[in-house]
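**Q** Here's my sequence, what's the structure:
(4 chains)
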Number of protein chains: 4
Amino acid sequence: MTTIESAGAVDRDRLTRAFRDVRDFTGGLCRPLRTEDYVVQSMPDASPTRWHLAHTTWFFETFVVRAARPDLPVVDPAYHHLFNSYYETIGDPFPRPKRGLLTRPTVEEVFEYRRLVDARVREILATADEAVVARVAPALEVGLHHERQHQELLLTDLWHAFSQNPLHPVYRDVTLDDPGETRPLRWTTYDEGVVHVGHSGSDFAYDNERPRHRVFLETYELADRPVTIGEFQEFVDDGGYRRSDLWLAEGFDLVRREGWRAPLYWKEGYGVTRCFTLAGLIEPNPAAPVSNVSYFEADAYARWAGARLPTEFEWEAAAAALPVAGNFVEGEAFRPLPDPAGAGAPEERDAPALPRQMFGDVWEWTSSAYAPYPGFTAPAGALGEYNGKFMVNQYVLRGGSCLTSRSHVRATYRNFFAAASRWQCSGFRLAR
Amino acid sequence: MTTIESAGAVDRDRLTRAFRDVRDFTGGLCRPLRTEDYVVQSMPDASPTRWHLAHTTWFFETFVVRAARPDLPVVDPAYHHLFNSYYETIGDPFPRPKRGLLTRPTVEEVFEYRRLVDARVREILATADEAVVARVAPALEVGLHHERQHQELLLTDLWHAFSQNPLHPVYRDVTLDDPGETRPLRWTTYDEGVVHVGHSGSDFAYDNERPRHRVFLETYELADRPVTIGEFQEFVDDGGYRRSDLWLAEGFDLVRREGWRAPLYWKEGYGVTRCFTLAGLIEPNPAAPVSNVSYFEADAYARWAGARLPTEFEWEAAAAALPVAGNFVEGEAFRPLPDPAGAGAPEERDAPALPRQMFGDVWEWTSSAYAPYPGFTAPAGALGEYNGKFMVNQYVLRGGSCLTSRSHVRATYRNFFAAASRWQCSGFRLAR
Amino acid sequence: MTTIESAGAVDRDRLTRAFRDVRDFTGGLCRPLRTEDYVVQSMPDASPTRWHLAHTTWFFETFVVRAARPDLPVVDPAYHHLFNSYYETIGDPFPRPKRGLLTRPTVEEVFEYRRLVDARVREILATADEAVVARVAPALEVGLHHERQHQELLLTDLWHAFSQNPLHPVYRDVTLDDPGETRPLRWTTYDEGVVHVGHSGSDFAYDNERPRHRVFLETYELADRPVTIGEFQEFVDDGGYRRSDLWLAEGFDLVRREGWRAPLYWKEGYGVTRCFTLAGLIEPNPAAPVSNVSYFEADAYARWAGARLPTEFEWEAAAAALPVAGNFVEGEAFRPLPDPAGAGAPEERDAPALPRQMFGDVWEWTSSAYAPYPGFTAPAGALGEYNGKFMVNQYVLRGGSCLTSRSHVRATYRNFFAAASRWQCSGFRLAR
Amino acid sequence: MTTIESAGAVDRDRLTRAFRDVRDFTGGLCRPLRTEDYVVQSMPDASPTRWHLAHTTWFFETFVVRAARPDLPVVDPAYHHLFNSYYETIGDPFPRPKRGLLTRPTVEEVFEYRRLVDARVREILATADEAVVARVAPALEVGLHHERQHQELLLTDLWHAFSQNPLHPVYRDVTLDDPGETRPLRWTTYDEGVVHVGHSGSDFAYDNERPRHRVFLETYELADRPVTIGEFQEFVDDGGYRRSDLWLAEGFDLVRREGWRAPLYWKEGYGVTRCFTLAGLIEPNPAAPVSNVSYFEADAYARWAGARLPTEFEWEAAAAALPVAGNFVEGEAFRPLPDPAGAGAPEERDAPALPRQMFGDVWEWTSSAYAPYPGFTAPAGALGEYNGKFMVNQYVLRGGSCLTSRSHVRATYRNFFAAASRWQCSGFRLAR
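**A** So this is what the prediction gives:
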């Protein structure tokens, strides 16, 4: 993972501020929680809040503090094992499905661990030699982005844990004004040709976004907004979950085996329009993007609608020129919202449509399997395990969601999950 | 479940005192815990501490308060679903394997639930009509014994949860004096004949201990103490876990599949004599009874030793005349201990041996499958589900353990678990 | 396993005749089969016909031929591994669930294997020294009974394999005359007292039937015939499979998980009275004993009917005085039949009822867990694995079925299967 | 699936000859088999030989005979259910994992089914109206290619079934002359640019090969031969299966869970160079291409070797100009062989290397996830289920193997399997 720091003098102030901002933001996300909420792991793919807090700290301790100050003893040797996620190169990680079995260290002890490591990082940034800071700055930068990812996972996993509880706990009771109406879907056309994709600049990007390279795209059209809850409801009402011809075979097996009949958080017995969110059980606006669908559901809907999912490069080519703006975690809505522009101003209706809501609201499934770019090489050492070893049987999602930090997203950013996953805030946009 | 109350005037004072004692004792057991410890469920068979606290309260609310005061609203209707264990007659219980996914109600709210129900029970005992108290007294009595059972399960489940944590948390740091030496094993002989087994008196006993009836026993011998850690170590050292000829076929399949090489809490990598207890990881006294073995391990050891397990009736006939005394939860050792009489006084060596440590220390596996006694009938209503529906593929254990309340055990008491279970404080005694 | 031979001169002629009869009978059972039918294993508990043919031959080769003639090479060393069932003492058995993956040796080669081993056994019986024959005679005797068991399993497993096929293959197209009517159920009363159970004579019995010993039985009543198809239909029609209060908890979990709604071979979509048999899909006589039910179904029916299952000793005490007669495999009906005595002659109606159909028709589930008798010891050597190592989590069935050889059954005979099993021809009789 | 027939007059003679050739070839493949060999299904992914024979026949009956002659009754209505593979549109297929449970129809009856359907197809081709033949000709053409696919699967599945048998059955005892030596690996360089991929001609191709379209390829190099057994042995000897850093995370989980230590058919205990083939257990030539490896193993080897797998388009661009020649099923070697050109003639060594063994020997894993081409649409009707519904979580293989028919392969042909599959004759070639 290349960072700007590798090529020049390190801006200690910027890093110190960025470090404080990211760490504080995590703390802020925890404010509504009770101690019990930090402990639970609702499925093997998810992690307890407390684990996210400790693991991100372990990341800084391992890749920054220990690299800069090998003379210091670690805070607790047991944490090295407990809070390593999957870096086999540097030890034997504690089994992921058992993260929810740990009651100690306590939440208070984990926050104390954060404070201790934070103090050391700040001290290193303040007092270490230029060479030392330059050496650890790239890992620190990765650590900041890494924590941004875990902020989103923390909320996502908590959402899933709360959804198991018949009491429908509320994380944040967000009241929103009139949330807009469904805009008629318009298509934007893109001409065939060779485009450049991937990251090239000197600012931060993950290794999986590089190298920038060329792909040929045939002519395509892209919807100017994601599929909405109201539209997906039509698919459900049309028997979409019962018609095998609409589904990939593996997806329909899953539908049958798991008894899927709607997106993950749609609750039956209340009428299908009740939806479990971080604000509890609400009656959602049909104009909001549908979320918490798997790749299989996105693909089936697209087939039903006579369209398809875009490839990740079709998406990226369309997004490249757009500003990174939208409904992110900083907006504190904590759920996808309708486009605030609603049906659009009259003048806009005649203009060529530009895709909207490309960033924020919902991660958008693409039809692209997650694969290395031509010339990709994983960095040497443990950080080489960050992305590369997951490049199989996963599909790429783009654009970030309402739980993503605005600072974490860009047009070249590649998120990835298994096709069956639906606990992420994942939706989709049609192409054809 | 017949109780003394059913036959005469109810002693309100006795019940009030007993109720307070039992409920307070539960509270006392929780004192060493941190909030996080209440939440975790380490396997489907176990339950979180918080669940035990709420479920025992639900039991009193459902079978006492609602029976006596149907006019009162319940504390929280959702609790009726969440904290019902397995009474299908009165509703749809929340799925057992998911008890550890709940973070709400919080621990504080559960303690508040206890306080509210306690107040109502006390008020009923103090002020309700004689007829009302007489009607609910039997269920109240069952509830007291039920909570005694859950006090033991609470500790057993916590022990298992703590055992998952590489930090080896300590529940209570019990320091014990010189704990005694292994006494040579002696055999007590019992003559053949018809004996009476089961409960007959008017004091409390569960339905599964009744009716008292006759069985014929051939002549047998019973060991005068349980098998010890030191003796079990010899079995392990002799390759006991690798010799298929010593095992029941289903047991040896389990040994192979699970990779069992010692009792559940023996920890490798420290030398086999380290053992995880509620006092943390300790070096146990070899003279203490071995615990946390399955029926299969007990049976294999017995075959290795040229002996067998006793039937539950052989055990009961031997125990009937003995006082109910031993190492119980009230003694606060929280682990099995060697017989304090050690090698025994000289004069005792010549006397006919009486079995010792029959009560307390470890539950003793018997070779008896858990089955109804001749003439058994489950009570009508939901409480009929208490015992009868589990009478298949379980084996009977007798005598109570160091985690059992002294007030909860008697010679006729039948505990039962699946042959593969080993998270209970279960050991065994030889017969031949 | 004690046999008469161990105590005196061996009757070579009797053994030679018995050997020929048993082996020929197996051959006769195979006559209706096509080559393809020999190969299939329809579930891990079942075995292919070809495997039964080879395994019983391996038994004679291993325990008789090799014992008598260690100088002879075995027919094929690979067979020693392939056709060992579960005797860990003498090698590593080929995994049971994979028996259906073998296409070689071919059926023809397996029959050739039988011919070769038969010739060797006959030659040993004809020409070996008295001492040699005396030494191997007990194992030969066991081998004969062992093959009788496998004759029944061969048919049972074939029945299950055929039941998987929507073509409903017919093993033998048995046409039966008017098969009788349902007789009103009568109860026979047995007084309390000590009875002797188990085998004591010098004729053959398995080790698990010994030693003969005493048990005390409280007064009980036993139904004079098994529960019929028509009666079980009433239970089904009354919602028996949907009422949790009728079931053991483990049984009801199974009902829900597996979607059980009737006995194993009752076929829906034809009206519930169609039943798949070795004569194909037939409309059964409601007066015939119900078969292919699990212990759980038998137990639930009994609870519904206000009765219970007998213990194995209640059954044995009632059967001890009765002649071993009934609908066995030699009668070639291949399915349970109504009592030919029908409603009984008038004079019989006034006489004290004796239980009927105790032998043959259906194996009868008892409420007794399979356990060793007091003083039981498994024989030394591999044959000690025959019975003892299965004495856990199984329930005893008594009396033989329409697929059992008359020569194989006696009042003390103990068959055993897991409570969930229902591919055996298993029914039940009520007690109270 | 477009075919040449759709655009002009049907050549009845060509179709008749092609039909006869394909059907006869299937019969020829079965000649070495014993009846038992047709029945077995060694895992859910595989099918019994008999099923392949019947299913391909069902395909012609369903899509040709019934389409041309709706007036004729089907051969057997039950076959419509039993031998439908996965066409949900036209009925409820018999569950795939249970194909090996059927013993009827017998092998003889299946061959009779083939004869009856063959006669009907021939009669239609000989006598039906021009319009009728034109209407069914495309499906007939698909049926021929479909049967070619199943010829390969028949051998592949048989290979797997035989591999389960410790007797190491031999399908065909092929003796081969000195089979050549390992040629030093050379790299061919391809320049960057836009290339056309996919099928465009009027001759037969599957729907998944269309539409022809453009992709941009960065400069790449391709190995001039597949990785050999000898080379893969070096990877094994270097601890390749134990080094997590070489593997995709999902692959290494599989290695650990399944205990993989070598390609599927390498047998331990004989020295690693013994390999189970359709000629039985042989000592393979190290110069032959390695086969029966999963995508994960191919990918791990490539990483170990400092290279990568090619994309399917890199492969296709290199193959487009090469003749379709190599070691196919028609050559009757039934296993991958070294390049007969061996180390190459001296003059060739100086010439620019052209990739060799691109066709035949082993299917070559590419790094491309199986996905629809831009503009892909599945045909209407049941045949639309042929390919499209599998386009997820599969990886593309190219070039055919020693078990593929020469007539079945072309440069644009896309085979696909899950990344964990290794029972196909699958190997790989390096790129960089």
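
**Q** Which residue is the nearest non-sequential neighbour of the residue of the stretch 301-432 of chain A found nearest chain C?
**A** In the stretch 301-432 of chain A, the residue that lies nearest chain C is A:Ala420 (22.4 Å; CB to the nearest CB). Every C-beta, even on glycine, is put in place using the N, C-alpha and C of the backbone. Setting aside the residues directly before and after it, A:Ala420 is nearest to A:Ser294 in space (CB to CB, 6 or more residues apart in numbering or on different chains), at 5.4 Å.

**Q** again with A:Ile124
**A** Using CB to CB, 6+ apart, the nearest residue to A:Ile124 is A:Ala68, at 4.7 Å.

**Q** That neighbour reaches A:Val136, doesn't it?
**A** Yes - taking contacts as CB atoms under 8 Å, A:Ala68 lies within contact range of A:Val136: 4.8 Å.

**Q** show me where the stretch 51-200 of chain A has helices.
**A** For the stretch 51-200 of chain A, the helices defined by DSSP state H, counting those that start in this stretch cover A:66-68, A:77-82, A:107-127, A:130-163.

**Q** follow-up on the earlier one: list the residues that contact the residue nearest to A:Ile124.
**A** Shown in contact with A:Ala68 (CB atoms under 8 Å, 6 or more residues apart in numbering or on different chains): A:124, A:128, A:132-133, A:135-136.

**Q** and which of the residues you listed is nearest A:Phe94?
**A** Distance to A:Phe94 across these (CB to CB) is lowest for A:Val136, with 25.1 Å.

**Q** Surely A:Ile124 touches A:Ala67?
**A** No - using CB under 8 Å, A:Ile124 is not in contact with A:Ala67; the gap is 9.4 Å.

**Q** pLDDT at the residue of the stretch 301-432 of chain A closest to chain C, what is it?
**A** Listed pLDDT for A:Ala420 reads 98.

**Q** Could you chop chain A up by domain?
**A** Following automatic domain parsing, one gets these domains for chain A: A:12-163, A:187-427.

**Q** Now render these as CSV, adding distance to B:Ala249.
**A** Converted to CSV, these look like this (distance: least, CB to CB, whole Å):
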stretch, distance to B:Ala249
domain A:12-163, 30
domain A:187-427, 32
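
**Q** between these, which gets nearest to D:Ala321?
**A** domain A:187-427 (20.3 Å).

**Q** ok, back up a step: who touches both of A:Ile124 and A:Ala67?
**A** Common neighbours of A:Ile124 and A:Ala67 (criterion: CB under 8 Å, 6+ apart): A:Val136.

**Q** More neighbours: which of these two?
**A** Between A:Ile124 and A:Ala67, counted using other CB atoms under 10 Å in any protein chain shown, the more crowded position is A:Ile124 (24 against 15).

**Q** What's the local residue count around A:Ala307?
**A** By other CB under 10 Å, 18 other residues sit near A:Ala307.

**Q** Helix or strand next in line after the longest strand along chain A, which one?
**A** Ranked by residue count under DSSP state E, the longest strand found in chain A is strand A:363-369. For strand A:363-369, the succeeding helix or strand toward the C-terminus, using DSSP states H and E, is strand A:395-398.

**Q** What average pLDDT does that next one get?
**A** Computed over strand A:395-398, the mean pLDDT rounds to 98.

**Q** With B:Pro138 as the reference, measure out to the residue nearest to A:Glu88 when sequence neighbours are not counted.
**A** The shortest distance from A:Glu88 to any residue other than its chain neighbours is 4.3 Å, reached at D:Ser244 (CB to CB, 6+ apart). Distance of D:Ser244 to B:Pro138, given as CB to CB, to the nearest Å: 62 Å.

**Q** do the same with A:Trp187
**A** 73 Å.

**Q** Would you mind telling me which of these two has the busier surroundings?
**A** Taking other CB under 10 Å, A:Trp187 and B:Pro138 do not tie; B:Pro138 has more neighbours (21 against 15).

**Q** which parts of the stretch 51-200 of chain A sit against chain D?
**A** With CB under 8 Å from any CB of the partner chain as the criterion, the stretch 51-200 of chain A meets chain D at residues A:86, A:88-89, A:192, A:194.

**Q** As JSON lines, the residues you listed with pLDDT and neighbour count would be great.
**A** Below are these laid out as JSON lines (pLDDT from 0 to 100; neighbours: other CB atoms under 10 Å in any protein chain shown):
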{"residue": "A:Tyr86", "pLDDT": "82", "neighbour count": "14"}
{"residue": "A:Glu88", "pLDDT": "79", "neighbour count": "17"}
{"residue": "A:Thr89", "pLDDT": "78", "neighbour count": "13"}
{"residue": "A:Glu192", "pLDDT": "97", "neighbour count": "13"}
{"residue": "A:Val194", "pLDDT": "97", "neighbour count": "12"}
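
**Q** In strands only, show me these.
**A** Secondary structure from DSSP E places A:Val194 of those in strands.

**Q** Show the end-to-end separation of stretch A:385-393, please.
**A** Stretch A:385-393 stretches 17 Å from its first residue to its last (CA to CA, to the nearest Å).

**Q** my bad, stretch A:125-135
**A** In terms of CA to CA, the two terminal residues of stretch A:125-135 are separated by 12 Å.

**Q** Please identify the buried residues of it?
**A** For stretch A:125-135, burial by neighbour count (16 or more other CB atoms under 10 Å in any protein chain shown) applies to A:125, A:128, A:133, A:135.

**Q** State the helix or strand in which the spatially closest residue to the third one that is not a sequence neighbour lies.
**A** Read that as A:Val133. Excluding the flanking residues, the one nearest A:Val133 by CB to CB, 6+ apart is A:Val10, at 5.1 Å. Here A:Val10 sits in a region with no helix or strand, counting by DSSP H and E.

**Q** follow-up on the earlier one: could I get the helices of the stretch 51-200 of chain A in JSON lines, plus columns for mean pLDDT?
**A** As requested, the helices of the stretch 51-200 of chain A are arranged in JSON lines below (pLDDT from 0 to 100):
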{"stretch": "helix A:66-68", "mean pLDDT": "96"}
{"stretch": "helix A:77-82", "mean pLDDT": "91"}
{"stretch": "helix A:107-127", "mean pLDDT": "98"}
{"stretch": "helix A:130-163", "mean pLDDT": "97"}
